[in-house]
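1. Any chance you can model this:
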Amino acid sequence: MLLIKAQKNVKCFVTDGSQNNINEALYTGVPLFVIPSTSDQHFNARLIKFMDVGIVVLREDFIADFSTTFGELMK
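-> Numbers count the residues shown, from 1 in each chain. Predicted structure coming up:
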């Protein structure tokens, strides 16, 4: 069973951008809040942005941008 699907009150999935997390969020239709750290996660984050299914925040910008970008995602 998918973890997101098991939780009916999930409004957004905060993830590092790993492929399994992205697959699960896309399957269930939950928007993503991606904070990538490795090269494959940065690549996945660019795809998430391109597909317009979530928001990407770089780790170095996380503290400064969190409230603004999270608010955008939850609209």
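2. I'd like to know how far residue 34 sits from residue 8.
-> Separation of residue 34 from residue 8 (CB to CB, to the nearest Å): 23 Å. (Glycine included, C-beta is placed from N, CA and C.)
3. ditto for residue 17
-> Using CB to CB, we find residue 17 at a distance of 24 Å from residue 8.
4. which of those two has more neighbours?
-> For residue 17 versus residue 8, neighbours defined as other CB atoms under 10 Å are more numerous around residue 17 (23 against 6).
5. Might one say that that one is in contact with residue 46?
-> No - the criterion here is CB atoms under 8 Å, and residue 17 misses it with residue 46 at 9.5 Å.
6. Find residues that contact each of the two.
-> Listed contacts common to residue 17 and residue 46 are residue 56; contacts here mean CB atoms under 8 Å, 6 or more residues apart in numbering.
7. show me where the chain has helices.
-> Using DSSP state H, the helices of the chain run over residues 3-6, 19-28, 39-51, 62-73.
8. Turn those into TSV, including mean pLDDT and mean neighbour count.
-> Below are those laid out as TSV (pLDDT from 0 to 100; neighbours: other CB atoms under 10 Å):
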stretch	mean pLDDT	mean neighbour count
helix 3-6	62	12
helix 19-28	91	15
helix 39-51	95	15
helix 62-73	70	12
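9. Appreciated, that's everything.
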